[in-house]
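> Sequence first, then the predicted structure:
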Amino acid sequence: MIPSLTPIVNSGLLNHHTSVLVFNALQVVNIFAQFKGESDTPMPYSKFAQGKTAGEKKRVSSRSGMLIIYVPANIVALLFMLSSSAYTQAALMCLIHFLKRNLEVLFLHKYSGTVELEVSQLIGSFYAFITFMICLVSRSEVDPQVMQLAQALFCIGILGNFYHHYLLASLRKNGAASTEQKEYHPPKGGFFEFVAAPHYLFELIGWLGIAFASQDMTAFLAFTNMTAYLAARSKNQNDWNRSKFDESEWPLSRKNLVP
């Protein structure tokens, strides 16, 4: 039986429900914490996953860890989609976004390492909760021109993100070896010729589309939070690339996130 989900929707961009306002205030504070935290200490997953040390926390395969990150948000968005009183374009976009990410984890990306289970659970909880809040406050009726803009941004974002994920996946051979045997190659093609993390750039474009479709400050602040986080992570990615490859492979002039 699908639970009944009742949206909390206001006519303006700022939702005046007390719980939503409190959450928005926390989002504002988190913008600065996200940027500083990721700048100082990159979240330990993907190539920033830390090596195994004695007495460390439980680890799972990278593929399992990524599914733990994305599946809960997918379920949340699906529940809102199945609730007749809570169906919105923003909820549909969240569902498509996380469904795409899960399909990429299962069929596109090639993994060989591990990640701390706690890290995956933390990120997965964040994505699930922010998806819940966006779906909860999003409007079902949006100005048609605004919705066209939202849909265009979302489509550009999701297609651009997928294309650059494909380019990254093509760098890894099937049946990738163990972590100790990894070989890294500088990504080429698409916007990788201009920035270190074009997949982040297009992900943000997609989230901006979700924000316009939502027409609530919660979604715009979620976009701002993710921009702060991915801006810091793209800098870390660029610094890592510069340390790993020589200038003929990775020019020092290459930007972090925006060409």
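Looks like it arrived, so ask away.
> what sits against the residue nearest the centre of the chain?
For the chain, the residue sitting closest to the mean C-alpha position, by Cα atoms, centre = their mean, is residue 203 at 6.4 Å. Taking Cβ atoms under 8 Å, 6 or more residues apart in numbering, we find residue 203 in contact with 157, 161, 226, 230. All C-beta atoms are positioned from the backbone trio N, CA, C, and that covers glycine.
> Which strand or helix spans it?
Secondary structure from DSSP states H and E places residue 203 in helix 198-214.
> pretty sure residue 213 contacts residue 148?
No. The criterion here is Cβ atoms under 8 Å, and residue 213 misses it with residue 148 at 10.3 Å.
> Those two: who's more crowded?
residue 213 (27 against 12; other Cβ atoms under 10 Å).
> What's the per-residue pLDDT of that one here?
We note a pLDDT of 98 for residue 213 in this prediction.
> Could you do residue 223 as well?
What the model reports as pLDDT for residue 223 is 98.
> where does the stretch 51-200 of the chain dip in pLDDT?
Within the stretch 51-200 of the chain, the stretches with pLDDT under 70 are 51-55, 173-182.
> which residues of it fall in helices?
With DSSP state H, counting those that start in this stretch as the criterion, the stretch 51-200 of the chain has helices at 62-82, 89-107, 117-137, 144-169, 198-214.
> Quick one: residues in contact with the second one.
Pointing back at helix 89-107 there. Residues from elsewhere that reach helix 89-107, judged by Cβ under 8 Å, 6+ apart: 63, 66-67, 70-71, 73-74, 76-78, 80-81, 127, 131, 134-135, 138-139, 142, 147, 150-151, 154, 158, 161-162, 165, 206-207, 209-210, 213-214, 219.
> In contact with the closest residue to residue 163 other than its chain neighbours, which residues are there?
Once flanking residues are discounted, residue 163 sits nearest to residue 190: 6.0 Å by Cβ to Cβ, 6 or more residues apart in numbering. By Cβ under 8 Å, 6+ apart, the contact list for residue 190 reads 160, 163, 164, 167, 198.
> ok, 10 Å please
Residues near residue 190 by Cβ atoms under 10 Å, 6 or more residues apart in numbering: 160, 163, 164, 166, 167, 198, 199, 202.
> on that earlier part again, list the residues that contact both of residue 213 and residue 148?
Common contact partners of residue 213 and residue 148 (Cβ under 10 Å, 6+ apart): residue 142.
> returning to that earlier point: do you know how far the residue nearest to the centre of the chain is from residue 29?
Going from residue 203 to residue 29 by Cβ to Cβ, to the nearest Å gives 23 Å.
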